[in-house]
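Chemist: Model the following, please.
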Amino acid sequence: MWGQNITQNAAVQQAQHDFWHNAHGLQDAFLGTARTTMAYLRRHLSDAEFAGIAGFDPYNEPYAGAYDSGQTSRSWERDLLWPFYARFRAAMDAAGWQDKPALVEPNLFWNANIPTQKQEGGLLDAGPLGPGYVFNTHFYDQKAISGILMWGKAADGQYAADFAAVRDRAGAAGTAAVVSEFGHPLSGAVADKAPTVLKAMYQALDSRLPGRSWWTGPAASGPVLSGTQWQWDLYHGRHHEPMNGNPGKVLTAGDAWNDEDLSAVRLDDSGTVTLRQDARLLDRVYPSATAGTALAFTYEDRSRDGSTTLTWNPVPSSLPNVAKLVGSGQYGLLVWRSGDGTAPTELHLPASFPTAATTVVSDLGAVHAPPAHTSATPVAAAPEPGGTGSRRLLLTDTDSGVLHYALVTNGATAPAGELLSAARAELAAWAAARFRQG
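Modeler: Predicted structure coming up:
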């Protein structure tokens, strides 16, 4: 397995050590190839295509292989990993990628949740990273994957502290954060944990708070984290690849690379992409762009663990009209403070939120079935860019430094105007009490 090879296979350990020390010019060759690749992409992609690239991850799950005498994980990051990232940043600039961030990962064990694996790190000595870099990390619950270190299922707030560490480290580094890999096996002895483990991970991406305390203390919610679930393997169950070109060793199990089974999708016999997980978990309301500063966000997906509906963040009884409006439906709630720009705040609308069944309650307006976007509609629906058929909710304010909120739900069927007004009054009072104005 990957983790065993990089930590226990002597040849792989030495190869990693050689790379970080640029033995035989390995790192020079790597950077030259990267620069050539990036320059090729810049020349051959259209401006629109190039704009769709968020950034470049220089190295997946970096690890020293073997530490030098007296070296620690932290000093390795400082003396070898960070200088490599600085060199990669220079290669990006030389290749025409000046406006794209390097998505830099620390030592992969910096946030391991098994104490014996955890190592000090997180690019602690790199100083403020600034806009040229994004703090990039992965997270897997090794306790849950082990099958013996975590009994039972994940629960509300399971990963709040783990993902809070990502937020805190990125904040101290003066940059954004992305959890570019997270997931859990979908087959085998621990597959039964997947619905709750993944719900808890998505919850922790949305907010640093458990659902049970979100409504009473949302100001501590923290920034929304970007993330990418591992993985989306169209060839799940259909792999047939010779290992290193060896026809006598054809790999078919798992992902045919690391014998893992984490793919959320597969192709059925007709070639149609089919989900292997609950769509309510995977297709979510989330803020894709905020006109100002996002102060708090939560999403109750009502995903299922077998026949059990997982509701970890119910609307409290202190907001009876909001609770009535949401009912048993899904809902998301964003609170933000407006900035100086003119672009709208955007929320992704899942397929479970068709426009005709979507209700929005905001200080900008309270509407059922939001209209198409125009310059005169503060609450509107519109297609997402890229021609995917997905949609977004656009919330347009015309002020600066003002507190705004928007509840989005699919739980209401033709709600009466009186209910919308009552829910709006409750949310206005709640927001004013929970967030300091100005």
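
Chemist: drop to CA atoms for contacts and neighbour counts, all remaining ones
Modeler: Fine.

Chemist: Just the pLDDT for residue 253.
Modeler: What the model reports for residue 253 is a pLDDT of 82.

Chemist: now it: how far from residue 148?
Modeler: In this view, residue 253 and residue 148 are 24 Å apart by CA to CA, to the nearest Å.

Chemist: Neighbour count for the two, which is higher?
Modeler: Legend: neighbour count by other CA atoms under 10 Å for residue 253 and residue 148, higher for residue 253 (17 against 10).

Chemist: Could you double-check that that one sits in contact with residue 235?
Modeler: No. Using CA atoms under 8 Å, residue 253 and residue 235 do not qualify as a contacting pair, with a distance of 10.9 Å.

Chemist: most centrally placed residue in this structure?
Modeler: To find the centre residue of the chain, average its C-alpha atoms and take the closest one (CA atoms, centre = their mean): that gives residue 227, at 1.5 Å.

Chemist: contacting residues for the residue in the chain sticking out farthest from the centre?
Modeler: No residue in the chain has its C-alpha farther from the mean C-alpha position than residue 248, which lies at 39.2 Å (CA atoms, centre = their mean). Each residue near residue 248 by CA atoms under 8 Å, 6 or more residues apart in numbering is listed here: residue 242.

Chemist: buried stuff in the helix or strand where it lies?
Modeler: Following DSSP states H and E, the helix or strand that holds residue 248 is strand 246-251. Within strand 246-251, the residues that qualify as buried by neighbour count (16 or more other CA atoms under 10 Å) are residue 251.

Chemist: Same check on stretch 385-401?
Modeler: Residues of stretch 385-401 classed as buried: 391-397 (neighbour count, 16+ other CA under 10 Å).

Chemist: before we move on, back to that, didn't the residue nearest to the centre of the chain look like it was pressed against residue 166?
Modeler: No. Taking CA under 8 Å as the definition, residue 227 is not a contact partner of residue 166, at 11.6 Å.

Chemist: average pLDDT for stretch 307-319?
Modeler: What stretch 307-319 shows for mean pLDDT is 98.

Chemist: make that stretch 240-250, sorry
Modeler: For stretch 240-250, mean pLDDT is 90.

Chemist: let's have the chain start at 694 instead
Modeler: Sure thing, new numbering starts at 694, so read that last one as stretch 933-943.

Chemist: can you tell me the distance between the two ends of it?
Modeler: Taking CA to CA, the span from the opening residue of stretch 933-943 to its closing residue is 6 Å.

Chemist: chain center to that stretch, what's the gap?
Modeler: Average the C-alpha atoms of stretch 933-943, do the same for its chain, and the two points are 34 Å apart (CA atoms, centre = their mean, to the nearest Å).

Chemist: do stretch 794-807 as well
Modeler: When C-alpha coordinates are averaged (CA atoms, centre = their mean), stretch 794-807 and its chain have centres 14 Å apart.

Chemist: Now that stretch: buried residues?
Modeler: For stretch 794-807, the buried set under the neighbour-count rule, 16+ other CA under 10 Å, comprises 794-806.

Chemist: Stretch 1058-1070 too?
Modeler: Applying a neighbour-count criterion of 16+ other CA under 10 Å, the buried positions in stretch 1058-1070 are 1058-1064, 1066, 1070.

Chemist: cool, stretch 714-723 as well?
Modeler: When burial is assessed from 16+ other CA under 10 Å, stretch 714-723 yields the following buried residues: 714-715, 720.

Chemist: Turn these into CSV, including distance to residue 820.
Modeler: Converted to CSV, the buried residues of stretch 714-723 look like this (distance: CA to CA, whole Å):
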residue, distance to residue 820
714, 22
715, 24
720, 23
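
Chemist: Export these as a markdown table, with columns for pLDDT.
Modeler: Output for the buried residues of stretch 714-723, formatted as a markdown table (pLDDT from 0 to 100):
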| residue | pLDDT |
| --- | --- |
| 714 | 98 |
| 715 | 98 |
| 720 | 98 |
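
Chemist: Which parts of the stretch 794-943 of the chain are strands?
Modeler: Secondary structure of the stretch 794-943 of the chain, counting by DSSP state E, counting those that start in this stretch: strands at 795-797, 826-832, 870-875, 919-922, 934-936, 939-944.

Chemist: What helices and strands are in contact with the longest one?
Modeler: Read that as strand 826-832. When contacts are defined as 3 or more CA pairs under 8 Å, 6 or more residues apart in numbering; DSSP states H and E, strand 826-832 packs onto strand 795-797, helix 853-866, strand 870-875.

Chemist: hmm, 10 Å instead?
Modeler: Here strand 826-832 is seen to pack against helix 775-787, strand 795-797, helix 853-866, strand 870-875, strand 919-922 when contacts are counted using 3 or more CA pairs under 10 Å, 6 or more residues apart in numbering; DSSP states H and E.

Chemist: Find the helix or strand that residue 711 is a member of.
Modeler: Element membership of residue 711 [criterion: DSSP H and E] is helix 703-713.

Chemist: what sits up against that helix?
Modeler: Contacts made with helix 703-713 from outside it, assessed by CA atoms under 10 Å, 6 or more residues apart in numbering, are listed as 697-700, 702, 714-723, 755-761, 769, 772-774, 776-777.

Chemist: Kindly report the same for stretch 743-753.
Modeler: 723-724, 727, 731, 734-739, 774, 777-778, 781-782, 785, 790, 792-801, 825-827, 829-831, 873, 1079.

Chemist: Break the protein down into its structural domains.
Modeler: Using automatic domain parsing, the domains assigned to the chain come out as 695-917, 975-1127.
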